[in-house]
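Asker: Sequence and predicted structure are below.
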Amino acid sequence: MTPGPRSAHKQPPPACDVHRRGFTLIELLIALVVLAAAASGVMLIFADATAHSADPQIRAQARSLAEAYMDEILLQAYSDPDQPETGNAEAGEARGSYDDVWDYRAIGTEAPHDQFGNAIAPLSDYSVNVAIAGTPGSTPARITVTVDHGNGRVSYSLYSERADY
């Protein structure tokens, strides 16, 4: 026998070809799970930031309301200029006619009102609490004005004292 030409048949590639490129199905699934977990974490951060994005504006409005109430109270006389001080609003007095610090004890908690007693409708989500501690004539009035927003995340308080001078 003479050696003949080599066989024209090619050998099939081995079953485990190390030169293959691409991902296996398991590698693809693991990559998808990792990417989904990372994306959901990033989305949670953005969702939380968006949910609280109005808080600074709400806080600024609460501060403005508290300052307005506190200014109004501190500009009043320490005790009633017309009659003996009762330590609260005298008979017949309403918010528009308060003339001393102690009258503001009658406010308690209310929706925001202007100094004449008119409701401020655009601020109806807020509540204002005025607390005045002390005894007329013998101690300074310790004034606390607290403004809360309906969302429950924002509360702003101011404290001051007013003496008889």
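Answerer: In hand now; what should we look at?

Asker: shaky segments in this protein?
Answerer: Where the chain drops to pLDDT under 70, the residues are 1-20, 51-54.

Asker: would you list every one of the helices in it?
Answerer: For the chain, the helices defined by DSSP state H occupy 25-51, 55-74.

Asker: Just name the most buried of those helices.
Answerer: helix 55-74 (a mean of 17; mean count of other C-beta atoms under 10 Å). No exception for glycine: its C-beta is placed from N, CA and C like everyone else's.

Asker: who's in contact with it?
Answerer: Helix 55-74 is contacted from outside by 101, 104, 112, 115, 123, 126, 128, 130, 132, 143, 145-149, 151, 153-158, 160, 162, using C-beta atoms under 8 Å, 6 or more residues apart in numbering.

Asker: ok now that helix, how far from the chain's centre?
Answerer: A distance of 14 Å separates the centroid of the chain from that of helix 55-74, by C-alpha atoms, centre = their mean, to the nearest Å.

Asker: can you pull the alpha-carbon coordinates of it into CSV?
Answerer: C-alpha atoms of helix 55-74 as CSV (Å, rounded to 0.1, in the frame of the first residue of the first chain):
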residue,chain,number,x,y,z
ASP,A,55,-39.6,69.1,53.2
PRO,A,56,-37.3,72.1,53.1
GLN,A,57,-40.0,74.3,51.7
ILE,A,58,-42.5,73.0,54.3
ARG,A,59,-39.9,73.6,57.1
ALA,A,60,-39.4,77.2,55.9
GLN,A,61,-43.1,77.9,55.8
ALA,A,62,-43.5,76.5,59.3
ARG,A,63,-40.6,78.7,60.5
SER,A,64,-42.3,81.8,59.0
LEU,A,65,-45.6,81.0,60.6
ALA,A,66,-44.0,80.5,64.0
GLU,A,67,-42.0,83.7,63.7
ALA,A,68,-45.2,85.6,62.7
TYR,A,69,-47.1,84.4,65.7
MET,A,70,-44.1,85.0,68.0
ASP,A,71,-43.6,88.6,66.7
GLU,A,72,-47.3,89.3,67.1
ILE,A,73,-47.3,88.1,70.8
LEU,A,74,-44.0,89.8,71.7
